[in-house]
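Trainee: Give me a model of this one.
(chains A, B and C)
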Amino acid sequence: MVAGPISVPLEVYRYRPGVDRAPTYQRYTLDAAPHTPLLSLLLRIRAETDPTLSLRYSCRSSICGSCAMRINSRSRLACETPVGPEIERHGRIVVEPMASQPVVRDLVVDQSPFWQRYNAIEPHLKVDPRHPMPEGQPNPMTPAEVERFHDTPRCIACAACYSACPAVAADPAFPGPMALAKLYRFVVDPRDAAHQDRLVRIQTEGLWLCLRCHLCTEACPKNVRPSERIRDLKEMAIAAQGATEHGSRHAVGFKENLRTAGTLHESRLVRQTFGVAGMLGQLPQGLRIWRKKPEVLHRPKPIEGLEELEKIYDALDAQEKEGGR
Amino acid sequence: MKFAYYPGCVAKETGRELDMATRWVARALGIELVEFPKFACCGSGFVDEANEVLNVAINARNLAIAEAAGLDLLTICSTCQGMLTLAKLRMNDPVVRAKVDGALRPLGITYRGSSDVTHLLRVLVEKVGLPTIRARVKRPLTGMKVGAFYGCHLLRPADEMAWESPEEPHAFEDLLAVLGAEPVQYRGRVMCCGFPVQFVKPETAGRVAGQQILDAKQHGAHAMATPCPLCHISLDAYQGPAAKLVGQPLDMPIFHLPQVVALAFGATPEEIGLSRHLVPTAPALAKIVARP
Amino acid sequence: MLRHEVVVVGAGLAGQRAALAAVEAGRDVALLTKLHPLRSHSGAAQGGINAAVGAGDSVETHIFDTVKGSDYLGDQDAIEFFCREAGPTVVEMEHFGTIFSRADDGSLARRPFGGAHFPRTIYAADRTGLALLQALWERLGKEHFTLYAEWDVTSLIVRDGKLQGLVALDRTRGEFQEIAAKAVVLATGPAGRIYAKTTNAHSCTGDGIAVAYDAGAALKDMEFVQFHPTALLESSILITEGARGEGGLLKNASGERFMFRYAPNVQELASRDVVSRAIVTEVKEGRGFPGPYGGYVHLELMHLGKEKVESRLQEICDYARRFAGIDPVTEPIPVYPAQHYMMGGIGTDVHGATNVPGLFAAGEAACVSIHGANRLGGNSLLETLVFGREAGKAAAAFAATAPTPQVHDADLEGATAPLRAWSSRSDGEDPSALRAEMQRTMEECAGIYRNEAGLLEGIRRIRALRQRFANVRVVDRSTVFNLNLTDALETGHMLELAEVILVGAFARTESRGAHSRTDYPKRDDARWMRHTLARRSTDGPVLDYAPVGFTRFEPTERVY
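Mentor: From the prediction side, this is the model:
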């Protein structure tokens, strides 16, 4: 359990907006046992060497979510990042503030965009006044219903997922993994009466901008697995409302498209997603592609055994109707 | 070495240069690729969004087809690899299994889970082995700096894909080094290419793609190489709009994984369909130091 | 100038519940907190919240267990009120959206906890605090109030003995601000960071307790400090009592379940002070495991099976793996007691009112007293909600008829001049060094076992540190997010409270609950069945005493 101390060179982002001309990376080197969390080292720096280093921290036990930062480019909690493996892999530890959130000072970021996106999904139970909660009694909820939440109740709002997400970085219209995982939590809550509304709304409010790259799931310290919950939301949204947005139209279109030949019919899919008018907008780029890759307009040869595929579609449709959703 | 060859939809059509290069490399290494005209599209992640169980069922059928021939599957697309692997894992869930079996049994199809699914990158690095590959290099790619671009579904979710580190992989860089190229380290190599939202919001897809290409460029890459033809579409075919969206010229050639291997093994550009790329690859090839 | 009718300081469970109550009563409410509300230490609570809702259980039994657990120092009238409110409080939180663990029949799952005759601890896996905090924040989010997040309270403004408002540091802008308020509720939690080994978060520096003390509020029973028996070795991260509730066993280096000797009836589920003393004794007498981080004992969960451990004790499984490199499914967890909870705090009545008109307190920062000399697990989460609500209601009622607060610029000047002086010194004491010495002193002199010589030594050392603190220096001259400044602020607060604890502990010549004197090992009801009250004076804390409220249970010997 206890190994001898190793030398840990750190390069820590320092910046005071409005005061410093530009960010710099300050070097510190400390000796520490390999299992020591990075947070402990940062606090040692503050106590022994440099009290001007600013960061957020509180519980040191990965429950408060304060100390999320980028550590050797990975968004994670400093309190549960042991220094040993980082030094083994990289020889040093580069410590930077989280991404997609403006820097307040050093490793402290302004989390208001993150909180705003969370608030935008209306994260509270919505009760139907016609079906009020049982007076003086808890709502019953079976263990199976609790299972449906998966690990979304474990979210500590640390924003590591938000920081890791390339869609958040590229598009302010994307709510981000945390807000969507929270939305999932309310959609599957049997006490919430607004499932349908929530699913309908989120389709137009960025659900389909998720790239399903799973970087959020990797970054999350609590196994919330936002990308998987987002996938669930997509399927539930389609079931609730059908294909109404580009994203849902594409997914449903793809599914239907596959049935026709068993393999992708590319140009048809573009039309299914965007409609004829939309396709025209894609025309210049489409032409450029066609010139190099004329197959883009090909009608693909159907796979052998296509009828098997069709029967699978039908069988599962029948199962669903029977079982109810 | 013999595999059930699962090329995926794109490699059969607009990405056929990937199929050309794959077959070239397989021939060179004595890997037998058995075709199965019954294979259906893996769903590309989109069918999974529409209906999780259907996605598993379609891929369970794909897996059963290879199983019946007693072969493991070889994929050449990160997304196909991801979808087929996920289907295998989901089939361990008794609820999903029951539903899928219910649809397959009437067709006389029995899924056993006995075939593995491996991507070409992994086959090259682990089954063929880097020393063998190094020995076959006729034209080292010395002088060419290449940024690997893995493609999300090859690595993540890491506990399901169960191969390389989700954020710090090195298999592709190891391969590039053995081919004589200089691998470029940059953050974007494990990020997303934007393809899944290309048909949802092209500007966002373009910004995401552009960001990764820019990152590679700023770290000195002459070219990028990817094991996923969907990433290739996003990074190559849609590089024009991406450059406009990030407001900078990119001019980054994008290779398919087997094209890089084939080049190092001595293939000509024609043999591996380089003229089909939208971004010209000649400037990258020109970086290769002339043989003494 | 900022003005609100009710300002709640501290945004954990007690503070948020108080704010909700005050908003529902129609007041203009502000919530001021040094952390974003979801980061409050309430979120670290693991094991559960008590309510006598199970068939076969009763409010009366809950009352008795709490009274006995308190070693008869708890005020029984307050405890009766508290236990009666438990059921409705838990239901309310469930209605707010808390996701509790459930029994197969859909009812709230319950687990046994130390000192309880009946399994009445309702839980959400082993993250009950987080579950409650999320649900309460989400419920509060529907209301209109002003949030001052990352503001540190520095002092209260009192005129003619009545509260007028407070002064706080806006961390983000680096500016001191005064806020006029008709009523203030302090719900700032504990001051565990006075000790070197504590389960508390770094933020737990007792700022609310200190500013109340400075403003003339009496602090009650501060000498009663609870040590949690099973804190992870080295980091002192909490391993919930729930682990023992689920069947975890404590063993010494001989593989013996030593709790049989200390608590023959309930063994591992004896109350916390009993188990903590047992572990310390085992190690002191050479039956513990040795190691570079000090001696320790084992908490074993392996026999419970992988499924149970990974589902009911998910978080601590993670903690053991991540912070101690131990897999509890296959290996024993190394544990040793650490400071965990403060039974003492700002003295209040059952409605949260202090002796300063307009000033209220709730949660761990307050002392009603429910827990007396020792708190039972599962009663703290309940306390935050019951008394958070009471204090919020009372503060709102007070504010409804209170006159306009008198707050002047001179108040801000006066309150902040000393703090600004810290930053203009060219030489002075390092707050981190003072803090470290204080923590060492408290470990050595005011730990689980105390004695006269040690306490006197502790008082001497803390007083010397306080003198040196007068010359503290802040070297960081930046305004924005200046943690050097907030460190100094917190250290000053903690030094004051450390002195109060030591003085109270020195005066109390008996052992009761968590307060163990090796020189006075017996409980002395005749002389010490009373609460300690500490008020600030220029010569240090002045002690006074108040009687314990009895209603039904005569004190008897406390055996588990």
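Trainee: so where do the helices sit in the stretch 1-150 of chain A?
Mentor: A:38-44, A:83-90, A:112-120, A:143-147 (DSSP state H, counting those that start in this stretch).
Trainee: which residues of the stretch 451-560 of chain C fall in helices?
Mentor: Counting by DSSP H, counting those that start in this stretch, the helices of the stretch 451-560 of chain C are C:452-469, C:483-507, C:525-528.
Trainee: Quick one: closest of these to chain A.
Mentor: Nearest to chain A, of all the helices of the stretch 451-560 of chain C, is helix C:483-507, at 4.0 Å by C-beta to the nearest C-beta. All C-beta spots, glycine's among them, are computed from the backbone N, C-alpha and C.
Trainee: check contacts around residue 282.
Mentor: All of this refers to chain A. A:270, A:274, B:202 (C-beta atoms under 8 Å, 6 or more residues apart in numbering or on different chains).
Trainee: actually chain C
Mentor: Contacts of C:E282 (C-beta under 8 Å, 6+ apart): C:252, C:258, C:288, C:297.
Trainee: what's the answer for A:F149, then?
Mentor: A:F149 neighbours (C-beta under 8 Å, 6+ apart): A:185, A:188-189, C:99.
Trainee: again, only this time at 10 Å
Mentor: Taking C-beta atoms under 10 Å, 6 or more residues apart in numbering or on different chains, we find A:F149 in contact with A:141, A:184-186, A:188-189, A:229, C:99.
Trainee: Next, it: phi, psi?
Mentor: phi -70, psi -20 (degrees, to the nearest 10).
Trainee: got it, and C:L31?
Mentor: Dihedral angles (degrees, to the nearest 10) for C:L31: phi -120, psi 120.
Trainee: Give me the number of neighbouring residues for C:D160.
Mentor: 7 (other C-beta atoms under 10 Å in any protein chain shown).
Trainee: how close does it get to C:I346?
Mentor: 20 Å (C-beta to C-beta, to the nearest Å).
Trainee: Equivalent analysis for C:V59, please.
Mentor: C:V59 is 27 Å from C:I346, by C-beta to C-beta.
Trainee: So these two - more neighbours on which side?
Mentor: Neighbour count, other C-beta under 10 Å: between C:V59 and C:I346, C:I346 has more, with 32 against 17.
Trainee: So that one, which state does it fall into?
Mentor: strand (DSSP: H, G, I helix; E, B strand; the rest coil).
Trainee: Which segments of chain B make up each domain?
Mentor: Taking automatic domain parsing as the criterion, chain B consists of the domains B:2-118, B:129-285.
Trainee: what about the closest residue to C:E92 other than its chain neighbours, neighbour count?
Mentor: Leaving out its chain neighbours, the residue that sits closest to C:E92 by C-beta to C-beta, 6 or more residues apart in numbering or on different chains is C:L385, at 7.8 Å. Neighbourhood size, C:L385 [other C-beta under 10 Å]: 27.
Trainee: Pull the contacting residues for C:L385.
Mentor: So C:L385 contacts C:13-14, C:16-18, C:20, C:42, C:49, C:85-86, C:89-90, C:92-93, C:132, C:136, C:362-363 (C-beta under 10 Å, 6+ apart).
Trainee: Those residues in strands, which ones?
Mentor: Residues of the contacts of C:L385 located in strands (DSSP state E): C:I49.
Trainee: Please identify which of the contacts of A:F149 is nearest to chain B.
Mentor: A:R229 (12.3 Å).
Trainee: C:A103 is in contact with C:V53, isn't it?
Mentor: No: using C-beta atoms under 10 Å, C:A103 makes no contact with C:V53, being 11.5 Å away.
Trainee: And these two? Which one has more around it.
Mentor: C:V53 (19 against 12).
Trainee: ok now do the residue nearest to that one when sequence neighbours are not counted, which residues does it touch?
Mentor: Distances taken as C-beta to C-beta, 6+ apart put C:G87 closest to C:V53, at 5.2 Å, once the chain neighbours are dropped. Residues near C:G87 by C-beta under 10 Å, 6+ apart: A:136-138, C:51-53, C:59, C:62, C:120, C:122.
Trainee: Any part of stretch B:40-59 near chain A?
Mentor: Yes: using C-beta under 10 Å from any C-beta of the partner chain, stretch B:40-59 reaches chain A at B:40-58.
Trainee: Report the mean per-residue pLDDT for stretch B:183-192.
Mentor: Computed over stretch B:183-192, the mean pLDDT rounds to 96.
Trainee: any weak-confidence spans in chain B?
Mentor: B:290-292 (pLDDT under 70).
Trainee: So what's the residue count around residue 43?
Mentor: Since you didn't name a chain, this refers to chain A. A:L43 has 20 nearby residues by other C-beta under 10 Å.
Trainee: Chain C was what I was after
Mentor: 29.
Trainee: Tell me the spacing between it and chain B.
Mentor: Distance from C:G43 to chain B, counting by C-beta to the nearest C-beta, to the nearest Å: 26 Å.
Trainee: Next up, the contacts around the nearest residue to C:H531 once chain neighbours are set aside.
Mentor: In this structure, C:H531 finds its nearest non-sequential neighbour in C:A546, 4.6 Å apart by C-beta to C-beta, 6+ apart. The contact partners of C:A546, taken as C-beta under 10 Å, 6+ apart, are C:75, C:218, C:220-221, C:347, C:369, C:530-533.
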